[in-house]
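>>> Just the structure for this:
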Amino acid sequence: MKKPMRLFQRENGVYYVEFGRGRKKSLNTKDQAKALALFREMEKEWLRGRLVHLENEKRISLGEFTDAYVESRDGISPHTVKKDKLSLDLLAAVVGKSLPLRALTEERLEEFKRACKARGASEITIDGYLRHIKAALSYALEKGYIKKKPKVKMYRKDDHDLLRIIMPEDIKKILAKAREKDVELWRLFTFYLWTATRRREGLGLEWPRVRLDRRTCIVRGKGGRERLIPLLPAAVEALEPVRKDIGRVFPAWHPDTVSHKFHEIAVACGVNARLHDLRHSAVSYMLASGIPIQVVAQIAGHRQISTTKIYTHILEEVLVREMQKLRFE
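Below is the predicted model of the structure:
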């Protein structure tokens, strides 16, 4: 990536940094070592989008912003960063890498959605791209690259549409079928259900992070954030027979493979459910069991309590729907 700034010394001996389109800022020092140190820090800050005080609104293209944004994602999982770059690169392929970031409008985002559709991408896939683009634009707004974030319209109409709870009798069917088909799948599905972990959190779990004697484990979640999760008897029962000191807890399956296997089993059981619904169900039943919402949010790895509150509404909807089954015949 082209250097965003350069260090130079004027005739009076004072060091300056040139950035943007010929704009200059004094470092107020004649000491070369000090100037170099300040310059390196300023370069790092620019890559992280934090030099807002140099320009109120950075004149940066979509392509340049993509490079800077990806560089700023320290501590984020490689998988997430890869999706960040892919989503922004796909957007740039439609609207142009040289497009000024501030010129990215709702209309251009709709153009991107139409282009993805024409390529044969599903609405769920496109929504995945849009989530990463939306996060990047929030960062751009926070760091001063843009003054206003364009509205990103997802295909999904409501978060509730994606939050589905599997009924207890259907959970039993799915787990029984999984155990019959592949005991390792049963162990993994049981772990998901009793820990409310995400797909990659379970698959990435390693034995050194599992303490069956203390009935706890530590998973690495979004953004590399770690959290401790209590292991209830059902989860311990699933893990104890294969207990080890090192290595992965579950087979090295690709995440999509696990999702497909779950879907096949659910269909065989006559249940309309996805793998992620195990997590939704776990969170919902925790709340229904009276576990404090703050504790549920901590276990589920929700950064905002408002995310956990969504599940309380889903529970109400389920209760209303299930109540319709009441008959006195």
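
>>> mind showing which ranges of the stretch 101-250 of the chain have poor pLDDT?
Judged against pLDDT under 70, the low-scoring parts of the stretch 101-250 of the chain cover residues 156-162.

>>> And the helices in it?
106-118, 123-142, 159-162, 168-181, 183-195, 199-203, 233-239 (DSSP state H, counting those that start in this stretch).

>>> What separation is there between residue 43 and residue 311?
Taken as CB to CB, to the nearest Å, the spacing of residue 43 relative to residue 311 amounts to 44 Å. C-betas here are computed from N, CA, C, even on glycine.

>>> Show me which of these two is the more surrounded one.
Neighbour totals were compared for residue 43 and residue 311, and residue 311 leads with 26 against 18 (other CB atoms under 10 Å).

>>> Confirm that the more buried one lies within a strand, as I assumed.
No: following the definition DSSP: H, G, I helix; E, B strand; the rest coil, residue 311 is helix and is not counted among the residues of a strand.

>>> Please tell me I have it right and it contacts residue 288.
No: Residue 311 is beyond contact range of residue 288, at 9.1 Å (criterion: CB atoms under 8 Å).

>>> neighbours around residue 211, how many?
13.

>>> actually residue 18, sorry about that
14.

>>> Beta-bridge partners for it, please?
Residues found in beta-bridge contact with residue 18 (criterion: DSSP bridges) are residue 6, residue 24.

>>> Mind pulling up the pLDDT for it?
What the model reports as pLDDT for residue 18 is 82.

>>> Could you check how far it is from residue 7?
Taken as CB to CB, the span from residue 18 to residue 7 is 8 Å.

>>> before we move on, what about residue 105?
Taken as CB to CB, the spacing of residue 105 relative to residue 7 amounts to 36 Å.

>>> now residue 233
Computed as CB to CB, the residue 233 to residue 7 distance reads 63 Å.

>>> out of those two, which sits in the busier spot?
Using other CB under 10 Å, the more surrounded residue of residue 233 and residue 7 is residue 7, with 18 against 10.

>>> now the more buried one, nearest residue through space, not along the chain?
Spatially, and ignoring its direct neighbours in sequence, residue 7 is nearest to residue 39 (4.4 Å; CB to CB, 6 or more residues apart in numbering).

>>> Enumerate every residue touching the one you found.
Contact partners of residue 39, counting by CB atoms under 8 Å, 6 or more residues apart in numbering, are 5, 7, 15, 17, 27.

>>> Let me know the pLDDT of it.
Listed pLDDT for residue 39 reads 83.

>>> before we move on, which element is it in?
Under the criterion DSSP states H and E, the helix or strand holding residue 39 is helix 32-47.

>>> ok, residue 97 - contacts?
Under the criterion of CB under 8 Å, 6+ apart, the neighbours of residue 97 are 61, 62, 63, 66.

>>> which residues touch the last one?
Which is residue 66. When contacts are counted by CB under 8 Å, 6+ apart, residue 66 touches 85, 88, 89, 92, 97, 136.

>>> Helix or strand: which one has it?
Under DSSP H and E, the secondary-structure element containing residue 66 is helix 62-72.

>>> Residue 278 against residue 193, yeah?
Yes: in terms of CB under 8 Å, residue 278 counts as a neighbour of residue 193; the distance is 4.9 Å.

>>> Comparing those two, which shows the higher neighbour count?
residue 278 (27 against 22).

>>> distance of that one from residue 259?
From residue 278 over to residue 259 the distance is 11 Å, taken as CB to CB.

>>> check contacts around the residue nearest the centre of the chain.
Central residue check for the chain by CA atoms, centre = their mean: the C-alpha nearest the mean position is that of residue 222, 5.4 Å away. Residues near residue 222 by CB under 8 Å, 6+ apart: 77, 80, 198, 301.

>>> Looking at neighbours, which among the residues you listed is most surrounded?
When neighbours are taken as other CB under 10 Å, the top entry among the contacts of residue 222 is residue 301 (21 neighbours).

>>> contacting residues for the nearest residue to that one once chain neighbours are set aside?
On the basis of CB to CB, 6+ apart, the spatially nearest residue to residue 301 that is not a chain neighbour turns out to be residue 221, at 4.4 Å. If a contact means CB under 8 Å, 6+ apart, then residue 221 has 198, 201, 227, 301 as its contacts.

>>> how close does residue 221 sit to residue 277?
19 Å.

>>> Also residue 224?
Computed as CB to CB, the residue 224 to residue 277 distance reads 25 Å.

>>> okay, those two: which has more neighbours?
Taking residue 224 and residue 277 together and counting by other CB under 10 Å, residue 277 has the greater number of neighbours (24 against 12).

>>> and the more buried one, what element?
Residue 277 belongs to helix 276-288 when elements are defined using DSSP H and E.
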